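1. Sequence first, predicted model second:
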Amino acid sequence: MNSLRLLGLSSTAALAVLLSGCATAKASEVSSRQRPSRAEEGIASYYAASLEGRSTASGEPYRGARATCAHRTHRFGTMLRITDLKSGRSVVCRVNDRGPFVKGRVVDLSASLARELGIVEQGLAKVRVEVL
């Protein structure tokens, strides 16, 4: 019984030594490897006027006059800078909805943001999305 207990302790000690060796990486090295890129490029679209007042995924009603957007993965409340790659214009908005779910599109903007970026006429724009 004592030899089994001793074996158990030595195994535990060996495991502790092995695991402590894994913990020697600098926190900055680990976080930079695990952190995904904070910027992405793709196509932006904007909400149709018919969606005014409808509930978003966060539970807020959609308001075209507010600086809000839909993104597939960023948490609700995340602030994003959206830059039109053609004109260089940019806006800041808050994620309060999910989408767009169309291939190549990365963000749906409120109507007021689309006007600010000058994309209302064409409906779509190539943009860069950055987390603030």
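-> Done, it's in.

2. Verify the contact between residue 64 and residue 50 for me.
-> No: Residue 64 is beyond contact range of residue 50, at 10.4 Å (criterion: CB atoms under 8 Å). To be clear about C-beta, it is placed using only N, CA and C from the backbone, and glycine gets the same treatment.

3. Neighbour count: the two, which is higher?
-> Neighbour count, other CB atoms under 10 Å: between residue 64 and residue 50, residue 64 has more, with 19 against 7.

4. Find the nearest non-adjacent residue to that one, please.
-> Distances taken as CB to CB, 6 or more residues apart in numbering place residue 111 nearest to residue 64, at 3.6 Å, with adjacent residues excluded.

5. same check, this time on residue 44
-> Nearest residue to residue 44 in three dimensions, chain neighbours excluded: residue 127, at 4.3 Å (CB to CB, 6+ apart).

6. distance of the one you found from residue 55?
-> Remark: distance between residue 127 and residue 55 (CB to CB, to the nearest Å) = 25 Å.

7. following the lowest-mean-pLDDT helix or strand in the chain, which helix or strand comes up?
-> When each helix and strand of the chain is scored by mean pLDDT, DSSP states H and E, helix 27-34 comes last, with a mean of 42. Next along the chain after helix 27-34, taking DSSP states H and E as the criterion, comes strand 39-46.

8. Just the buried positions in stretch 52-59, please.
-> Using 16 or more other CB atoms under 10 Å as the test for burial, stretch 52-59 gives residue 56.
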